[in-house]
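**Q** One predicted model, sequence on top.
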Number of protein chains: 2
Amino acid sequence: MLRKSISIVLSLGFWAVGTAQAQENIGGNKTVVQSPVVHEDNAVTIRLAAKTQGEVYVIGNWMSGGKEKMLRDSLGLYYTTPSLSSDLYMYNLEMDGVVVNDPLNVYIVRDVANTFNYFLTKGAQADFYQIQDVPHGTVAKRWYDSPTLGMTRRMTVYTPAGYEQSEKALPVLYLLHGMGGDEEAWATLGRATQILDNMIAQGKVKPMIVVMPNGHVSNAAAPGESAKGQYPINFFTPDVGSGKMEESFMDIVQFVESNYRVKKEKSTRAIAGLSMGGSHTLFTSAYLNNHFDYVGLFSAAFRMNDKVQSPVFSNFEQNLAKQRDNGYKLYWIGMGKEDFLYKVGEDYRKRLDAIGMKYTYRESEGGHTWSNWRLYLTEFLPLLF
Amino acid sequence: MLRKSISIVLSLGFWAVGTAQAQENIGGNKTVVQSPVVHEDNAVTIRLAAKTQGEVYVIGNWMSGGKEKMLRDSLGLYYTTPSLSSDLYMYNLEMDGVVVNDPLNVYIVRDVANTFNYFLTKGAQADFYQIQDVPHGTVAKRWYDSPTLGMTRRMTVYTPAGYEQSEKALPVLYLLHGMGGDEEAWATLGRATQILDNMIAQGKVKPMIVVMPNGHVSNAAAPGESAKGQYPINFFTPDVGSGKMEESFMDIVQFVESNYRVKKEKSTRAIAGLSMGGSHTLFTSAYLNNHFDYVGLFSAAFRMNDKVQSPVFSNFEQNLAKQRDNGYKLYWIGMGKEDFLYKVGEDYRKRLDAIGMKYTYRESEGGHTWSNWRLYLTEFLPLLF
């Protein structure tokens, strides 16, 4: 029961919990130190309130690789970042060779098979990602039947503030995750629901429903959210590049259009995705080549599995030409200069050029990162509907 | 790029990520070891795939306090629990005096101001908590206006499978969290949505809507989910025992009854809560003394703030007598033998006895724990409606 009268006193456990088993849901964090603290200049201090014997390092995605050693002061260990740009950042600590979480930061996200602590800095871009005092949409985890796959599957559905009280039918954006993701990724790492709330409130984005399905057709839901239970996450699943997501995509559209008050026209349907989800977007919008007026490829992969036969791939050239001829309002491509898929994107743009298929190209700094995908979403959304 | 042909090979990072900043959403966990592994006899092995210098301990809520040292083998460190009963368990590791997560287990829950890894063992009780291959309800995070508080606040709403397709009006359970919780607690630590899905599918529980509001009227939403942003969690908030949750409860009922297809009768309304939420349940059901036919007090506190004047408290005796006289179908009280609120509960039962107010009393083993609250929920739900 230690209390220090210093400015960083913020959280204190009042009720000593004698045994973990006997009493729960009481008491706070047994520390008086806060971590992280975002300073006015967007430098961020991470703290560990402990008298450790060994060195502790911070591994953060603002670093260009490597790790930084924490320093010691009277409160324990600390590390301060340089002044960071306006964004969401992820980090871990490394103790004794083991990568762990920051025990003072309860805000955790999973990316693929690892969990990270995160924080947001200040400034214009992160203001889209922060939860602001604006009307908030509803975020639902909902299960739908996919007759094509013979499965019941989970999706995240964002309906904007006022949807339930209105009688107005809304347009729909289908927003697809990457290979390491699932139906939770855009709502967690992607901050999609905050971006929508904020940009709709500012009048920059039209009210829309955003449907975030699970792009791994071999899974019913995110890890831990299906009858598979809790399992170690395997990055590669046999469904990747199988064409099955694209072949079954109309199941999702039909579910949404028969269960939500939405407009059911090409001009009110958009589809976008990142990485593997960019590949899904690319092939789905060509396969269903008269269904989407708005298409967004964020750091898109171009992935086919040679071992499968799918009309999604075998008729791709013809479908793409049909998509071109049927017309559309926006074919938006975003790619980072350091993205490992940069060449894949360049080759794909050449293919589009060769058949005279128009697109909008946005090249950003950085690589294959959520920082870019959040940025692309904030640039893509105002162009819709 | 190490691959071991042993049975615990389960997860392997394929794409080396040179810098954390350059590429994300690719690659898996850079390990070939799984943790935790639940064995057939419900012993559980926790592993750390590292050559640490120092000792590492496991702190788990199956222990009666203290911590257990991990042992070494060729894969790193390990610890195996005794055979555990059928339940959900939480644990952490302790390295160099610091309590951290298990880096191989991505399944994490927050309880008050700390995060824990968790796992489920096998058996009848945990089968209610597992996600089974049954129809799943929708779980929505939704914002509602509270005119009494002058706030927009967040709640979790469970609607059972088939709700959207049906025209049948459903009964409603209002399910309240404890002092360290928020609108997410019952759906995460409480496994309420899994319990509902499973027990409804088995025909043991009637389809119902379950509304899980935030019981801290000084917060709009859970930590990190309101415009307050990410803040260190303070266990004690000024709203506790203020009567404001009870005074504003009709805002929640009215929102639900005008936004969901529900029955609006006393006989189709239930209210239950744990700890502080048990106190909210007790006072709310007396304050609104002709509104709820089903009342559940799980390890209930009896909390008034002496510094506030509230009709919830000042008229409590009369309101409780009215609740008795108005009649109800079930007044269910659950308490663990080792609960730190045991005496509080005993005193409250004496008070009920003194005025001839009938109740059903369930005394369980154990203390003030989520293990008991999940158990109570599985026993309480079949008695409703």
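**A** Alright, I've got the coordinates. Numbers count the residues shown, from 1 in each chain, chains lettered A, B, ... in the order given.
**Q** Now do the same contact list for A:V211.
**A** Residues near A:V211 by C-beta atoms under 8 Å, 6 or more residues apart in numbering or on different chains: A:155-158, A:172-175, A:252, A:256. Heads up, the C-betas are built off the backbone N, CA and C, glycines and all.
**Q** repeat that with 10 Å
**A** A:142, A:144, A:155-159, A:172-176, A:183, A:252-253, A:255-256, A:260, A:262, A:271 (C-beta atoms under 10 Å, 6 or more residues apart in numbering or on different chains).
**Q** Surely A:Q318 touches A:A286?
**A** Yes - the criterion here is C-beta atoms under 10 Å, and A:Q318 meets it with A:A286 at 9.0 Å.
**Q** and the two? which has more neighbours close in?
**A** Taking neighbours as other C-beta atoms under 10 Å in any protein chain shown, A:Q318 and A:A286 compare with A:A286 leading, 23 against 11.
**Q** State the number of residues packed around the closest residue to A:P213 other than its chain neighbours.
**A** Sequence neighbours aside, A:M155 is the residue nearest to A:P213 in space, at 4.4 Å (criterion: C-beta to C-beta, 6 or more residues apart in numbering or on different chains). Using other C-beta under 10 Å, the number of residues around A:M155 comes to 19.
**Q** So A:M155, which state does it fall into?
**A** Per DSSP: H, G, I helix; E, B strand; the rest coil, the secondary structure class of A:M155 is strand.
**Q** Any idea what it is bridged to?
**A** Beta-bridge partners recorded for A:M155 (DSSP bridges): A:R142, A:P213.
**Q** Now for it: which residues touch it?
**A** Contacts of A:M155 (C-beta under 10 Å, 6+ apart): A:140-144, A:174, A:183, A:211-214, A:221, A:252, A:255-256.
**Q** Please report how far it lies from B:V38.
**A** A:M155 is 29 Å from B:V38, where distance means C-beta to C-beta, to the nearest Å.
**Q** Just to check, A:E257 is in contact with A:P171?
**A** No - if you go by C-beta under 10 Å, A:E257 and A:P171 don't touch, sitting 11.3 Å apart.
**Q** quick one, which of these two is more surrounded?
**A** Neighbour comparison, A:E257 and A:P171: the larger count goes to A:P171, with 21 against 16 (by other C-beta under 10 Å).
**Q** which secondary structure elements does the helix or strand hosting A:A187 contact?
**A** Applying DSSP states H and E as the criterion places A:A187 in helix A:185-188. Helices and strands touching helix A:185-188, by 3 or more C-beta pairs under 10 Å, 6 or more residues apart in numbering or on different chains; DSSP states H and E, are strand A:108-111, strand A:151-159, strand A:172-176, helix A:192-201, strand A:209-213, strand A:269-274, helix A:370-380.
**Q** Let me know which of the ones you listed is the nearest to B:H291.
**A** strand A:151-159 (29.3 Å; C-beta to C-beta).
**Q** so who does A:R191 touch?
**A** Neighbours of A:R191 in contact, by C-beta under 10 Å, 6+ apart: A:88, A:120, A:126, A:128-131, A:197-198, A:370, A:373-374, A:377-378.
**Q** And A:N101, by the same measure?
**A** Contacts of A:N101 (C-beta under 10 Å, 6+ apart): A:91-93, A:107-108, A:115-117, B:92, B:99-103, B:108, B:115, B:117.
**Q** Can you tell me, leaving aside adjacent residues, what's nearest to it?
**A** Here the residue nearest A:N101, using C-beta to C-beta, 6+ apart, is B:N101, at 4.7 Å.
**Q** What pLDDT is listed against that neighbour?
**A** As predicted, B:N101 sits at a pLDDT of 96.
**Q** again, but for A:S7
**A** For A:S7, the model assigns a pLDDT of 27.
**Q** A:Y361 belongs to a strand, doesn't it?
**A** Yes - using three-state DSSP, the secondary structure at A:Y361 is a strand.
**Q** Near it, how many other residues are there?
**A** 13.
**Q** can you list the domains in chain A?
**A** For chain A, automatic domain parsing gives the domain ranges A:37-122, A:129-383.
**Q** tell me which parts of the stretch 201-350 of chain A are close to chain B?
**A** Contact residues (C-beta under 10 Å from any C-beta of the partner chain) of the stretch 201-350 of chain A with chain B: A:220-221, A:223-236, A:258-260, A:274-277, A:299, A:301, A:336, A:338-341.
**Q** ok, the residue nearest to A:F316 when sequence neighbours are not counted to chain B distance?
**A** In space, and not counting its chain neighbours, A:F316 is closest to A:A286: 6.2 Å by C-beta to C-beta, 6+ apart. Separation of A:A286 from chain B (C-beta to the nearest C-beta, to the nearest Å) stands at 23 Å.
**Q** so where's chain A shaky on pLDDT?
**A** A:1-22, A:26-31 (pLDDT under 70).
**Q** what ranges do the helices span in it?
**A** A:124-129, A:185-188, A:192-201, A:244-247, A:249-259, A:276-287, A:311-314, A:316-326, A:342-354, A:370-380 (DSSP state H).
**Q** A:V33: which of those is closest?
**A** Closest approach to A:V33 among the helices of chain A (C-beta to C-beta): helix A:124-129, 23.9 Å.
**Q** which one is A:F313 nearest to, not counting chain neighbours?
**A** A:M304 (4.8 Å).
**Q** so of the helices of chain A, which one's packed in deepest?
**A** Burial among those, expressed as mean neighbours by mean count of other C-beta atoms under 10 Å in any protein chain shown, is greatest for helix A:276-287, which shows a mean of 27.
**Q** Quick check: A:L75 touching A:V37?
**A** No - with contact defined as C-beta under 10 Å, A:L75 and A:V37 do not form a contacting pair (11.8 Å).
**Q** which stretch among the helices of chain A comes nearest A:E167?
**A** It's helix A:249-259; of the helices of chain A, that one is closest to A:E167 (C-beta to C-beta) at 16.2 Å.
**Q** sorry, back to before: would JSON lines of the helices of chain A with distance to A:M70 be doable?
**A** Converted to JSON lines, the helices of chain A look like this (distance: least, C-beta to C-beta, whole Å):
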{"stretch": "helix A:124-129", "distance to A:M70": "24"}
{"stretch": "helix A:185-188", "distance to A:M70": "27"}
{"stretch": "helix A:192-201", "distance to A:M70": "30"}
{"stretch": "helix A:244-247", "distance to A:M70": "43"}
{"stretch": "helix A:249-259", "distance to A:M70": "46"}
{"stretch": "helix A:276-287", "distance to A:M70": "36"}
{"stretch": "helix A:311-314", "distance to A:M70": "50"}
{"stretch": "helix A:316-326", "distance to A:M70": "51"}
{"stretch": "helix A:342-354", "distance to A:M70": "35"}
{"stretch": "helix A:370-380", "distance to A:M70": "24"}
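**Q** out of these, nearest to B:Q309?
**A** Of the helices of chain A, the one closest to B:Q309 (C-beta to C-beta) turns out to be helix A:192-201, at 37.1 Å.
**Q** by contact count, what packs against that closest one?
**A** With 3+ C-beta pairs under 10 Å, 6+ apart as the test, helix A:192-201 has helix A:124-129, strand A:138-146, strand A:151-159, strand A:172-176, helix A:185-188, strand A:209-213, helix A:370-380 packed against it.
**Q** swap the cut-off to 7 Å and go again
**A** helix A:124-129, strand A:151-159, helix A:370-380 (3 or more C-beta pairs under 7 Å, 6 or more residues apart in numbering or on different chains; DSSP states H and E).
**Q** in the sheet, who's paired with A:L297?
**A** Residues in beta-bridge contact with A:L297 (DSSP bridges): A:G273, A:I333.
**Q** Burial check on the nearest residue to A:E365 once chain neighbours are set aside, number of neighbours?
**A** Spatial nearest neighbour of A:E365, excluding adjacent residues (C-beta to C-beta, 6+ apart): A:K337 at 6.0 Å. Neighbours of A:K337 under the rule other C-beta under 10 Å: 11.
**Q** hang on, A:K337 packs against A:E363?
**A** Yes - with contacts counted by C-beta atoms under 7 Å, A:K337 reaches A:E363, the gap being 6.2 Å.
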